[in-house]
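Chemist: let me see the structure of the following:
(2 chains)
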2 protein chains.
Amino acid sequence: MSGPLHFVDRIKRVEEHLRESGLGAMFITPGSDLSYLIGYHAVPLERLTMLVVTPNNDPFLIVPRLERSAALASPFGSTGWDVISWGESDDPYAIITNRLSGLSGTVALDGHMWADRVLTIQMRFPSITFVSAAPIINAIRIIKSPDELDHLRAAAAAIDRVHAQVPLLLGAGRTEREVGRDIADLILAEGHSSVDFVIVAAGPNGASPHHEVSDKVIEVGEPVVIDIGGTMPSGYCSDCTRTYSVGEPSREFMDRYEVLQRAQVLSTQAVHHGAQSHDIDAAGRIELTEHGLGQFFIHRTGHGIGLDTHEEPYIGPDNPTVISSGMVFSIEPGFYIEGQHGARIEDIVICTPNGPETLNKQTRDLVIIPSS
Amino acid sequence: MSGPLHFVDRIKRVEEHLRESGLGAMFITPGSDLSYLIGYHAVPLERLTMLVVTPNNDPFLIVPRLERSAALASPFGSTGWDVISWGESDDPYAIITNRLSGLSGTVALDGHMWADRVLTIQMRFPSITFVSAAPIINAIRIIKSPDELDHLRAAAAAIDRVHAQVPLLLGAGRTEREVGRDIADLILAEGHSSVDFVIVAAGPNGASPHHEVSDKVIEVGEPVVIDIGGTMPSGYCSDCTRTYSVGEPSREFMDRYEVLQRAQVLSTQAVHHGAQSHDIDAAGRIELTEHGLGQFFIHRTGHGIGLDTHEEPYIGPDNPTVISSGMVFSIEPGFYIEGQHGARIEDIVICTPNGPETLNKQTRDLVIIPSS
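Modeler: The predicted model follows:
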């Protein structure tokens, strides 16, 4: 684990951004931004926990009294900065208004702060303008440190070990839900601390990119899209999709799958320092389009990953974001044909100074499982 | 599962509340409010999904194109109301501004809507006042239907089956984390679809009510607080705490635990239609206070439970909420003595017309596990 100094650096960078943008403060409630900035993995609950960062004074953390010892045990507790706890009958917002009595101008709120809190804060600070903190925090989070890259490599290896065992679970006659339950157990057994999502989409269900599981029985000859991920004890996420088939699928599906596989390679190869997001997307999309599958590739090519499964940078057609070394994202083209079937291949890729480093290593070939 | 009619009723009740309160609309993004109102369990992701309810016209649901089939497969899809999908390069907020071009007055936003969205909506509707939808939706959600009560009974039975197996997992020499991992597996194996939290707090760690797990080795004679919960396929949550000890704990702990056990019974017995939240809290708190433990009972007595682990009603000292038949909440007094130990006993209780119905059935006695 990283020591407190690491987190102090992150806070210093926020303070710099606040000074550069002329912002009066940033308020951050539990979630991945809070985890990233101070290493405190607080559960988002109804009692207010809030980190306050200002341009020129020390940050402070407001916590419910019953979370005080957990907050002090986090890296923030070793910084010497104030942890202010409030009791069950106190008004936690009054702590902020008192400590920031001279506050004026504009304040940034973490992008996932709950509306209830946003609206309360807006009432308590009627003369302040509020903006999203997401642009500032994302600009910091988007470039992963060597430590973070190692955490993401470990997460990818863990989900790869799950995919390696999927052929033992898949069989005609089992339901998507049964297979999904077994996969969830494996996600934990292979080192994740939580299961974030399990998609098992057989046959026509594969045509819905975000189908989860159902009581549908998997039939012989049906492709099965399996997209799974979890969060590791480090806080970092895994996410990997492979497509399987129980018995031989149709010739038509096989032909389409081969196009998809080439498209996935082409987009991965397009990853390099200085590339634009839309170029990476286009590399694979053109291949699918040239073979009549463009209209069935109904989503963008990928999303960043880190403490959140989906975060910056996004890889899509209209996105001019310039990709830099240290960014990490998925490359996951697919095709979705309603009433028929779907397929997707997804790897997590680091943009390194020398091009792409693909973290997921299981075969990208269609995995055909004997049907008897 | 409930059919669409059930959900239509819930929407009709929101429409009534909007008319009564003179509100122009309610906007609801993915989360438990959306699940409750239309049975669509959408994952909160960066692409906008939003239900719009107005006082006098049909509701409509905005979804990213790649979620369209999942949305149509939900109960909302059978109502005949509009599902409007948007593509990767569309502006989803423009759909709302176009369809609600005459909107004026006040609009309610779901209480957990992300700040990014709140701030965007506020910019798009500069003349509208925004308030939290929580008071309206909570007033509906707080009274559970017979179906919901059955879901909560099933959730409690599932977590009880996990607690029944905890004595087999606990032993001196194991770490909290190892025990926690095994418990997480059991939470899934016993029928939950996700693990929401696993607290294994041994010895001094028990003094932090929201401690999760650590690498601390469990020692002989240490009490261990185990507070666990998950979400069932129905969407309803479980939450149950029992306190264990590996070998005999100190006499002092045993004496304190007996007081706690009486306090937990007293608060449970105080549950009846028409009681006030603070009376239920006081019933147990007085017992703890009379035996010198009042200062160590540092949180409220309980929280409502349903599609969220923590929801209305809250059971606490300053809370005048009148408890009615059909409300469901935890009764979970505890004591937390820094540097020494802690204990908590938690049951989920339904307020029925005839008083409390306790859903968790495992013994509330301290469970002492032989230390060799």
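Chemist: quick check, the helix or strand hosting residue A:201 touching chain B?
Modeler: Taking DSSP states H and E as the definition, one finds residue A:201 inside strand A:194-202. Yes. Judged by Cβ under 8 Å from any Cβ of the partner chain, strand A:194-202 comes into contact with chain B through A:194, A:195, A:197. Every residue, glycine included, has its C-beta placed from N, CA and C.
Chemist: distance to residue A:262 and pLDDT added to the residues you listed, as CSV?
Modeler: Conversion of the residues of strand A:194-202 next to chain B to CSV gives the following (distance: Cβ to Cβ, whole Å; pLDDT from 0 to 100):
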residue, distance to residue A:262, pLDDT
A:194, 35, 85
A:195, 32, 88
A:197, 27, 92
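Chemist: residue B:49: which of these is nearest?
Modeler: residue A:197 (15.6 Å; Cβ to Cβ).
Chemist: ok so, going back, and the contacts of the strand holding residue A:201?
Modeler: Applying Cβ atoms under 8 Å, 6 or more residues apart in numbering or on different chains, the set of residues contacting strand A:194-202 from outside is A:176-177, A:179-180, A:183-184, A:187-188, A:208, A:210-213, A:216, A:218-219, A:222-231, A:237, A:239, A:241, A:309, A:342, B:43, B:188, B:194-195.
Chemist: what packs against the helix or strand following it?
Modeler: Next along the chain after strand A:194-202, taking DSSP H and E as the criterion, comes strand A:223-231. In terms of contacts (3 or more Cβ pairs under 8 Å, 6 or more residues apart in numbering or on different chains; DSSP states H and E), strand A:223-231 is packed against helix A:146-169, helix A:176-189, strand A:194-202, strand A:240-246, strand A:341-344.
Chemist: hey, which of those is tucked in deepest?
Modeler: Of all the helices and strands packed on strand A:223-231, strand A:341-344 carries the top mean neighbour count, a mean of 27, counting by mean count of other Cβ atoms under 10 Å in any protein chain shown.
Chemist: grab the nearest non-local neighbour of the residue nearest the centre of chain A.
Modeler: Nearest residue to the geometric centre of chain A (Cα atoms, centre = their mean): residue A:309, 1.5 Å. Leaving aside its sequence neighbours, residue A:309 sits nearest to residue A:237 (Cβ to Cβ, 6 or more residues apart in numbering or on different chains; 4.6 Å).
Chemist: wait, what's in contact with that neighbour?
Modeler: Residue A:237 touches A:155, A:196, A:229, A:230, A:231, A:305, A:306, A:307, A:308, A:309, counting by Cβ under 8 Å, 6+ apart.
Chemist: then residue A:185?
Modeler: Shown in contact with residue A:185 (Cβ under 8 Å, 6+ apart): B:185, B:188, B:189.
Chemist: same question, residue A:293
Modeler: A:256, A:259, A:260, A:335.
Chemist: from chain B, how far out is it?
Modeler: Residue A:293 is 15 Å from chain B, where distance means Cβ to the nearest Cβ, to the nearest Å.
Chemist: quick check: that residue vs residue A:256, distance?
Modeler: According to Cβ to Cβ, to the nearest Å, residue A:293 stands 6 Å off from residue A:256.
Chemist: find the residues that touch each one of the two.
Modeler: residue A:335.
Chemist: hang on, the earlier thing: ranking the contacts of residue A:237 by neighbours, who comes first?
Modeler: residue A:155 (28 neighbours; other Cβ atoms under 10 Å in any protein chain shown).
Chemist: touching, that residue and residue A:236? I think so.
Modeler: Yes. Under the criterion of Cβ atoms under 8 Å, residue A:155 makes contact with residue A:236 at 5.0 Å.
Chemist: and whichever strand or helix holds residue A:14, what's buried?
Modeler: Under the criterion of DSSP H and E, residue A:14 resides in helix A:4-21. For helix A:4-21, the neighbour count (16 or more other Cβ atoms under 10 Å in any protein chain shown) marks A:4, A:7, A:8, A:10, A:11, A:14, A:15, A:17, A:18 as buried.
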